[in-house]
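>>> the amino acid sequence is not available; the structure is as follows:
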């Protein structure tokens with residue numbers, strides 16, 4: 001879960017391999033990263049009320065590749081100036097629990113608590 005979310009359900013997908021720029025990842029790792037984002041995006045869309053799920057690879061805020069997967073209802077919501085400066089830990093935990101439930105319902109067997 002993002003600690004500075006644009007919306008409830010905003011998550012980060014971070015590869016184990018460190019790479020400053022996403023194009024520096026080996027192709028197989030990049031494909032896996034996007035596959036995971038696809039699964040999580042589907043779960044987000046099923047869990048949180050939203051028209052679409054946005055995907056952002058900004059790459060400037062930290063020197064480590066990561067994908068932002070964000071429930072959204074308009075392009076205007078995909079603006080980091082709208083990020084919450086802080087979120088209560090219980091709110092993040094609740095959103096994570098809801099996503100884990102949805103992922104299990106989708107048949108994802110590698111979901112851990």
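Received it, and whenever you're ready, just let me know what you need. Please read all numbers here as calculations on a predicted model, not as lab measurements. Numbering: from 1, shown residues only.

>>> going forward, measure contacts between C-alpha atoms and count neighbours the same way
Noted.

>>> which stretches in this structure count as strands?
Counting by DSSP state E, one finds strands in the chain at the ranges 11-13, 52-56, 67-72.

>>> so for the second one, what's the average pLDDT?
Across strand 52-56, the average pLDDT comes to 97.

>>> repeat for the first one
Strand 11-13 shows a mean pLDDT of 96 in the predicted model.

>>> same check on the last one?
In this model, strand 67-72 has an average pLDDT of 97.

>>> and that strand, what does it pack against?
strand 11-13, helix 27-47, strand 52-56 (3 or more CA pairs under 8 Å, 6 or more residues apart in numbering; DSSP states H and E).

>>> hang on, isn't residue 9 packed against residue 44?
Yes. Contact criterion CA atoms under 8 Å: residue 9 and residue 44 qualify, at 6.5 Å.

>>> run a quick neighbour tally on the closest residue to residue 102 other than its chain neighbours.
Nearest non-adjacent residue to residue 102, counting by CA to CA, 6 or more residues apart in numbering: residue 43, 5.8 Å away. Residue 43 has 22 neighbours, counted by other CA atoms under 10 Å.

>>> on that earlier part again, of all the helices and strands packed on strand 67-72, which one is nearest residue 98?
Shortest distance between residue 98 and the helices and strands packed on strand 67-72, using CA to CA, is found for helix 27-47: 6.8 Å.

>>> which strands or helices does the closest one pack on?
Partner elements for helix 27-47 (3+ CA pairs under 8 Å, 6+ apart): strand 11-13, strand 52-56, strand 67-72, helix 89-105.

>>> so which of the ones you listed is the most packed in?
Of all those, strand 67-72 has the most neighbours on average by mean count of other CA atoms under 10 Å, namely a mean of 24.
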